[in-house]
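S.K.: build the 3D model from these lines:
(one chain, ligands or ions: 3)
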Amino acid sequence: MGDNGYVLEDVPHLSDYISSLPTYPNPLKKNPSYSVVNQYFVDEDDTVAQNIVVRKNSPRGIHFRRAGPSQNVYYKPDDVNACIVTCGGLCPGLNTVIREIVCALYSIYGVTRVMGIDGGYRGFYSKNTIPLTPKVVNDIHKRGGTILGSSRGGHVTKKIVDSIEDRGINQVYIIGGDGTQKGASVLFEEITRRGLNVAVVGIPKTIDNDIPVIDKSFGFDSAVEEAQRAISAAHVEATSFENGIGVVKLMGRNSGFIAMYASLASGDVDCCLIPESHYYLEGRGGVFEYIEQRLKENGHMVVVVAEGAGQDDEQVDVGLWISKKIKEHFSKEKKMMINLKYIDPTYMIRGIASNASDNVYCTLLAQSAVHGAMAGYTGFTVGPVNNTHAYIPFDRITEKQNRVDITDMMWAQLLSSTNQPSFLSTTRSADIIEANKDEEPPIPLSDGETNQPSFLTTIVDIIEANKNEEPPTQLSDGETNPC
Ligand SMILES: Nc1ncnc2c1ncn2[C@@H]1O[C@H](COP(=O)(O)OP(=O)(O)O)[C@@H](O)[C@H]1O
Ligand SMILES: O=P(O)(O)OC[C@H]1O[C@](O)(COP(=O)(O)O)[C@@H](O)[C@@H]1O
Ligand SMILES: [Mg+2]
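M.R.: Numbering: from 1, shown residues only. Ligands and ions are numbered 1, 2, ... in the order given. Have a look, this model is predicted:
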């Protein structure tokens, strides 16, 4: 802990456990492409604040080491033998990250030995490697998926580290989600235990954008953009038929960021259901009542549902389930004719190539990862924190999963954009208030407003308005109500 509550959460370095490692001047100094840059090295003391909104007397809080080229590097280019592996689910931008790691190693540092591991962690010990050169990766960023293949499972630590040793690999770039980063952390521990001169670098991947600390994960923007096509189609269908209802299911088993951003971006969505915000279908203030109201007012409506919204049972497709329930409710109970179309673009939104802004992001991410490894840092994940790339210890990335905060401004904006009610029952609202009561008070903004959303007040209003409300009705057919 430093002055004024300054905390540096630093990442490990090869020199922490290997003594007398030689260093070399960074070859970037002689790179003609960078000769125009005023200052291209990061200062060793540069750190990035996790919290940028602070009060005059509040502690300065957690900081991470700033990513970027260092004056000296811990590898001679000729000695580097790097490998790249992609694990877990697909995400737009995987190929761009692979391409840019290869290009950064070759063109910035003059490294010429880079290989791909085929098919995720298990590829280390069960498959041949794939040679990677700038020529091989030249146009892979225009393709979805990963040219290296991916897998879940297969993390046998001993076999992977044996393979790293046997192949003489000394830089390991691991692209993947929370599970992958946990795996990377275990590899780092085993490599340290064996005293190997091998840098382990994680590059966070999650289409759901639920990795903590970093501003945003690559591929998320591309996925949200692709989701617009499904929402637009649902809107076209809904507006073309009497009492048209378009239902779109989007990815998000545990978090609703894709659904929330896609709904906000579209402007066509009347109702967005996410895992973080419980809902109920029947009764006053429920989803059915809202749908009926929208159909009467507007003649059509679009519902976006994240795959984990209200799901206790992962086997049930929530999009199909809710579509069936809506149809049953309106045809059998309300005797009202509706036209419902269900669109499920789940894998379409992640099987695409990344868009332009994600490509730029992936490039910076890959370069930061390479600069970190060349500077001898290890056991870290790279990512933007308040718009500046930083090296983050593995455990900060894996200790929790980000979820949409339904007491935050963003969710309030979503509610205000769709006009949907919060669907919160009085008990659930009270729980949320209870859960949030120890949170720090909002920091007043300079113009006298607060950054605290009015959402909690809304919840209190809802409780007040609904205090005589009937409890949500049980489903008649014995199915579990996923609300
Ligand atoms: N706790 C863990 N320890 C070691 N390896 C893990 C751990 N969790 C997941 N992995 C490995 O990470 C890889 C990807 O994990 P998975 O959870 O499927 O995807 P993601 O990285 O996208 O979250 C798999 O090969 C899996 O074996
Ligand atoms: O069908 P798969 O391959 O298990 O992947 C689907 C799941 O992966 C996710 O996209 C999450 O993966 P990531 O966040 O690791 O990219 C979930 O939303 C989704 O349920
Ligand atoms: Mg995961």
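S.K.: and the residue of the stretch 201-350 of the chain found nearest ligand 3, backbone torsions?
M.R.: In the stretch 201-350 of the chain, the residue that lies nearest ligand 3 is residue 206 (6.8 Å; Cβ to the ion). Every C-beta, even on glycine, is put in place using the N, C-alpha and C of the backbone. The phi/psi pair for residue 206 (degrees, to the nearest 10) reads phi -160, psi 120.
S.K.: for the record, mean pLDDT for whichever strand or helix holds residue 290?
M.R.: Assessed by DSSP states H and E, residue 290 sits inside helix 287-298. Summarised as a single mean, pLDDT over helix 287-298 is 96.
S.K.: off-centre distance for that helix?
M.R.: Its chain's C-alpha centre and that of helix 287-298 lie 33 Å apart, by Cα atoms, centre = their mean, to the nearest Å.
S.K.: do the same with stretch 387-404
M.R.: 10 Å.
S.K.: which parts of that stretch are buried?
M.R.: By 16 or more other Cβ atoms under 10 Å, the buried positions in stretch 387-404 come out as 388-394, 396-398, 402-404.
S.K.: run through the residues that contact the closest residue to ligand 1 within the stretch 301-450 of the chain.
M.R.: Using Cβ to the nearest ligand atom, the single residue of the stretch 301-450 of the chain nearest to ligand 1 is residue 398, 8.0 Å away. Residues in contact with residue 398 (Cβ atoms under 8 Å, 6 or more residues apart in numbering) are 178, 181-182, 185.
S.K.: helix, strand or coil for the residue nearest the centre of the chain?
M.R.: Ranked by distance to the mean C-alpha position of the chain (Cα atoms, centre = their mean), the top residue is residue 209 at 1.7 Å. Following DSSP: H, G, I helix; E, B strand; the rest coil, we place residue 209 in the coil state.
S.K.: contact residues of this protein facing ligand 1?
M.R.: 87-89, 120-121, 151-155, 176-180, 182-183, 186 (Cβ under 6 Å from any ligand atom).
S.K.: now do 5 Å
M.R.: Proximity of the chain to ligand 1, by Cβ under 5 Å from any ligand atom, involves residues 87-89, 121, 152-153, 155, 176-180, 182-183, 186.
S.K.: distance of residue 341 from residue 303?
M.R.: Counting by Cβ to Cβ, to the nearest Å, the gap from residue 341 to residue 303 is 11 Å.
S.K.: next one: residue 381
M.R.: Taking Cβ to Cβ, one finds residue 381 at 36 Å from residue 303.
S.K.: so what's the residue count around residue 15?
M.R.: 14 (other Cβ atoms under 10 Å).
S.K.: ugh, wrong one, residue 76
M.R.: 14.
S.K.: go ahead and confirm it touches residue 24.
M.R.: Yes: counting by Cβ atoms under 8 Å, residue 76 touches residue 24, with 5.7 Å between them.
S.K.: overlap in contacts of residue 341 and residue 303?
M.R.: With Cβ under 8 Å, 6+ apart as the test, residue 341 and residue 303 both reach 245-247.
S.K.: so which of those residues wins on neighbours?
M.R.: Neighbour max across the shared contacts of residue 341 and residue 303 (other Cβ under 10 Å) = residue 246, 29 neighbours.
S.K.: need the nearest residue in space to that one, chain neighbours excluded.
M.R.: Nearest in space to residue 246, with sequence neighbours left out and distances taken as Cβ to Cβ, 6 or more residues apart in numbering, is residue 234 at 2.8 Å.
S.K.: and that neighbour, that one's in a strand?
M.R.: No: membership of residue 234 in a strand is not supported by three-state DSSP, which gives helix.
S.K.: my read: it touches residue 344, true?
M.R.: No: here residue 234 lies out of contact with residue 344, judged by Cβ under 8 Å, at a distance of 10.7 Å.
S.K.: out of those two, which sits in the busier spot?
M.R.: residue 234 (27 against 16).
S.K.: which residues does the more buried one contact?
M.R.: 246-248, 268, 302, 341, 343.
S.K.: rebuild these as CSV, extending it with secondary structure, distance to residue 275 and pLDDT.
M.R.: Formatted as CSV, those follow (DSSP: H, G, I helix; E, B strand; the rest coil; distance: Cβ to Cβ, whole Å; pLDDT from 0 to 100):
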residue, secondary structure, distance to residue 275, pLDDT
246, strand, 21, 98
247, strand, 17, 98
248, strand, 16, 98
268, coil, 22, 97
302, strand, 19, 98
341, strand, 23, 98
343, strand, 20, 98
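S.K.: who are the contact partners of residue 90?
M.R.: 144-146, 150, 207, 350-351.
S.K.: export those to JSON lines and tack on distance to residue 127 and secondary structure?
M.R.: Output for the contacts of residue 90, formatted as JSON lines (distance: Cβ to Cβ, whole Å; DSSP: H, G, I helix; E, B strand; the rest coil):
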{"residue": "144", "distance to residue 127": "22", "secondary structure": "coil"}
{"residue": "145", "distance to residue 127": "17", "secondary structure": "coil"}
{"residue": "146", "distance to residue 127": "14", "secondary structure": "coil"}
{"residue": "150", "distance to residue 127": "12", "secondary structure": "coil"}
{"residue": "207", "distance to residue 127": "25", "secondary structure": "coil"}
{"residue": "350", "distance to residue 127": "24", "secondary structure": "coil"}
{"residue": "351", "distance to residue 127": "23", "secondary structure": "coil"}
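S.K.: pretty sure residue 181 is touching residue 380, no?
M.R.: No: if you go by Cβ under 8 Å, residue 181 and residue 380 don't touch, sitting 10.0 Å apart.
S.K.: overlap in contacts of those two?
M.R.: 202, 394.
S.K.: and the two? Which one has more around it.
M.R.: Taking other Cβ under 10 Å, residue 181 and residue 380 do not tie; residue 380 has more neighbours (30 against 27).
S.K.: if you skip the residues just before and after it, what's nearest to that one?
M.R.: With Cβ to Cβ, 6+ apart as the criterion, residue 380 has its nearest non-adjacent residue at 3.8 Å, and that residue is residue 11.
S.K.: check the gap between the one you found and ligand 3 for me.
M.R.: Residue 11 sits 22 Å away from ligand 3, going by Cβ to the ion, to the nearest Å.
S.K.: who touches that residue in this structure?
M.R.: For residue 11, the contacting residues are 64-65, 372, 377-380, 391-393, by Cβ under 8 Å, 6+ apart.
S.K.: and the residue of the stretch 1-150 of the chain nearest ligand 3?
M.R.: residue 88 (5.8 Å).
S.K.: residue 151 versus that residue, what's the distance?
M.R.: Distance from residue 88 to residue 151, by Cβ to Cβ: 8 Å.
S.K.: so for these two, which residues contact both of them?
M.R.: residue 120.
S.K.: who has more neighbours, those two?
M.R.: With neighbours defined as other Cβ under 10 Å, residue 88 and residue 151 compare such that residue 88 has more, 22 against 17.
S.K.: biggest separation within the buried residues of stretch 387-404, which pair?
M.R.: 391 and 404 (27.0 Å; Cβ to Cβ).
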